[in-house]
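S.K.: quick check, what structure comes out for this input:
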Amino acid sequence: MTTIAYRLDGETTYALEGSIFIAGAAVQWLRDGLKVIKSAADTGALAESADPAQEVYLVPAFTGLGAPHWDPDARGAIYGMTRNTGPAEFARAALEAVCYQTRDLLDAMHKDWKSDDRETVLRVDGGMVASDWTMQRLSDLLDAPVDRPTILETTALGVAWLAGSRAGVWPDQRVLPLPGPATAASSRRWTRRRGRES
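M.R.: Take a look at the predicted model:
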């Protein structure tokens with residue numbers, strides 16, 4: 001979808017937006033519904049320990065599928081379960097589901113912007129990006145770098161920056177007074193691991 005990103009001094013900047021209905025909620029489902037984890041932070045280590053021979057896939061369409069499928073009647077499914085499937089495989093499938101949905105969105109956006117320039121760096125934010133395992137898997141699936149900023153909640157940071165800019169705290173709206181992903185010591189970039197199946 002085309003959406004308004006922000007409007008400053010009468011100038012509107014637009015963005016492409018893709019809606020994933022279930023992302024972090026899949027991890028909540030593992031915790032609260034299946035009770036296979038105690039906290040969301042457990043999922044990365046659990047996914048890392050999953051049996052690589054088991055190809056378990058989760059379609060987290062608990063409330064339908066968002067972009068680019070737009071199917072409100074779709075429902076969740078788990079494929080590839082065996083008798084040996086356990087919490088580690090469910091954790092990996094839930095985290096990978098977010099990565100696969102992100103890949104669907106990125107492919108749809110590439111079609112919409114019709115540019116020959118396919119160079120992509122995905123900049124991420126939100127609670128789920130704290131998972132190193134998920135960010136590495138995302139980079140593997142996209143075959144593109146994934147950058148995580150120092151401050152994970154960049155939406156809140158953006159709102160604070162806009163309010164401060166409007167109040168005159170940061171009069172130059174083009175300069176954010178914080179280090180960006182490439183310079184911040186605690187930020188991180190993932191790149192695709194060679195030889196990894198996508």
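
S.K.: now the helices for the chain?
M.R.: 24-28, 43-48, 87-113, 132-142, 154-166 (DSSP state H).

S.K.: what's the closest non-adjacent residue to Leu162?
M.R.: Nearest non-adjacent residue to Leu162, counting by Cβ to Cβ, 6 or more residues apart in numbering: Tyr6, 6.8 Å away. For every residue, glycine as well, the C-beta is placed using N, CA and C.

S.K.: residues of stretch 34-41 that come out buried?
M.R.: When neighbours are counted by 16 or more other Cβ atoms under 10 Å, the buried residues of stretch 34-41 are found to be 36-37, 40.

S.K.: with these in mind, which one is nearest to Ser165?
M.R.: The nearest member of the buried residues of stretch 34-41 to Ser165, counting by Cβ to Cβ, is Ala40 at 32.9 Å.

S.K.: okay, the nearest residue to the closest one once chain neighbours are set aside and Gly76: tell me how far apart.
M.R.: Counting by Cβ to Cβ, 6+ apart, Val27 is the residue found nearest to Ala40 once chain neighbours are left out, at 4.9 Å. Here Val27 is placed at a distance of 14 Å from Gly76 (Cβ to Cβ, to the nearest Å).

S.K.: with Asp42 instead?
M.R.: Using Cβ to Cβ, we find Asp42 at a distance of 21 Å from Gly76.

S.K.: so how far is the helix or strand of the chain with the lowest mean pLDDT off the chain centroid?
M.R.: For the chain, the helix or strand with the lowest mean confidence is strand 188-190, at a mean of 73 (criterion: mean pLDDT, DSSP states H and E). For strand 188-190, the distance from its own C-alpha centre to the chain's C-alpha centre is 14 Å (Cα atoms, centre = their mean, to the nearest Å).

S.K.: give the buried residues for that strand.
M.R.: For strand 188-190, using 16+ other Cβ under 10 Å, the buried residues are 188, 190.

S.K.: listing partners with orientation, what would you give for that strand?
M.R.: On the basis of DSSP bridges, the sheet neighbours of strand 188-190 come out as strand 146-148 (antiparallel).

S.K.: which one of Val27 and Gly76 has more residues nearby?
M.R.: The residue with more neighbours, out of Val27 and Gly76, is Val27; 26 against 16, by other Cβ atoms under 10 Å.

S.K.: show me the contacts for the more buried one.
M.R.: The neighbourhood of Val27, defined by Cβ atoms under 8 Å, 6 or more residues apart in numbering, consists of 37, 40, 43, 94-95, 128.

S.K.: repeat that for Phe62.
M.R.: By Cβ under 8 Å, 6+ apart, the residues touching Phe62 are 21-22, 25-26, 29, 75-76.

S.K.: cool, thanks, talk later.
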